[in-house]
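[1] predicted model follows, preceded by the sequence.
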Amino acid sequence: MFSEKDSTSIPVNAQMVTDGFRAAGAAPGDTLFYHGSLRSMGMVEDGPRTVIDGALEAAAPHGTIAMPTLWYHVTSQRPEDFDVRTSPSWVGALSEGFRRDPRSVRSNNFSHSISAIGQRAFELTSGHDKCAPLHTPWSETAFSDGSPWWRLNEWNALYCFIGVDMLVCTMKHYCEARLVAEYLARAEPSRRDALHSRLIHFGVPGGLWPSYNSGAMGELFIVRGLVKTARIGSATILAIRTRTFVEETMTLLRNEPEKWYNKEFLEWHRECTCK
């Protein structure tokens with residue numbers, strides 16, 4: 001994962017955060033979703049709270065901000081131990097500070113929860129444990145219709161990366177899950193169960209999945225002019241709308257599977273799509 005080095009000599013306040021997000025494309029009433037490194041920005045006054053307040057102002061009035069607040073580690077945690085109220089986020093101080101903010105509400109999913117603050121926070125995070133099933137290597141509701149990740153795409157959120165690149169992009173798994181479902185739907189009905197059994201299944205060693213290099217794809221998006229850039233302190237912001245991200249990712253993976261998939265998954269893909 002690329003992460004810009006911290007520069008503690010640069011003081012960062014909430015107005016600088018607001019200005020950075022607005023320069024990246026945040027608009028009134030927006031849904032603003034971000035990954036990031038707190039230290040990459042510099043010496044942030046009051047830590048994550050300042051970033052939250054600045055982000056809220058960037059989307060004001062009536063905006064919503066959100067972050068991934070991922071808890072699950074396959075080697076050390078059990079899904080049944082997840083507590084939506086208390087289980088910490090492991091994806092950085094910015095994310096954990098967001099989760100702990102008293103204004104924050106969190107979606108109920110052990111592997112891919114998000115937390116949100118603002119006008120549509122409850123709407124964004126609700127029902128994550130009750131979605132229709134969609135196969136992933138994690139829970140069946142992680143990225144399905146009705147999940148927060150689905151809503152982020154439906155709402156065309158502004159997706160920002162602060163001091164990090166798109167290698168950390170969690171939305172990639174939304175694309176992967178939908179492409180797997182698409183490939184299985186194209187397979188001969190009599191072969192679907194066997195093809196499905198060869199995918200990664202939660203709690204079962206081995207299996208296939210269309211993992212791809214989202215960092216390299218992000219660099220391609222930058223070259224193609226799909227990403228806006230701005231700054232907060234010493235950190236670069238990369239910003240792209242979720243619909244653009246999803247549509248462009250899925251188009252590239254559909255049209256150039258040989259470029260993005262490993263040979264094992266590519267063979268599985270061919271078995272699905274060749275009649």
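    Yes, it's here.

[2] for the stretch 151-275 of the chain, which segments count as helices?
    172-186, 192-197, 214-223, 242-255, 257-260, 263-273 (DSSP state H, counting those that start in this stretch).

[3] please name every helix or strand in contact with the longest one.
    Packing contacts for helix 172-186, counted by 3 or more C-beta pairs under 8 Å, 6 or more residues apart in numbering; DSSP states H and E, involve helix 148-154, helix 192-197, helix 242-255, helix 263-273. Placement of C-beta: from N, CA and C, glycine included.

[4] just how off-centre is the second one within its chain?
    Here helix 192-197 shows a centroid-to-chain-centroid distance of 27 Å under the convention C-alpha atoms, centre = their mean, to the nearest Å.

[5] ok, now the last one?
    Taking C-alpha atoms, centre = their mean, the mean C-alpha location of helix 263-273 is offset from the chain mean by 26 Å.

[6] other SSEs contacting it?
    Using 3+ C-beta pairs under 8 Å, 6+ apart: helix 263-273 touches helix 172-186, helix 192-197, helix 257-260.

[7] go on, the third one?
    Where contact means 3+ C-beta pairs under 8 Å, 6+ apart, helix 242-255 is packed against helix 148-154, strand 158-162, helix 172-186, helix 214-223, helix 257-260.

[8] export it as CSV, just CAs?
    Taking C-alpha atoms only, helix 242-255 is exported to CSV below (Å, rounded to 0.1, in the frame of the first residue of the first chain):
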residue,chain,number,x,y,z
THR,A,242,-18.4,5.7,-7.1
ARG,A,243,-20.5,5.1,-10.3
THR,A,244,-17.5,6.0,-12.4
PHE,A,245,-15.2,3.8,-10.3
VAL,A,246,-17.6,0.8,-10.5
GLU,A,247,-18.5,1.2,-14.2
GLU,A,248,-14.9,1.7,-15.3
THR,A,249,-13.6,-1.1,-13.2
MET,A,250,-16.2,-3.6,-14.4
THR,A,251,-15.7,-2.6,-18.0
LEU,A,252,-12.0,-3.1,-17.8
LEU,A,253,-12.4,-6.5,-16.0
ARG,A,254,-15.0,-7.6,-18.6
ASN,A,255,-13.0,-6.5,-21.6
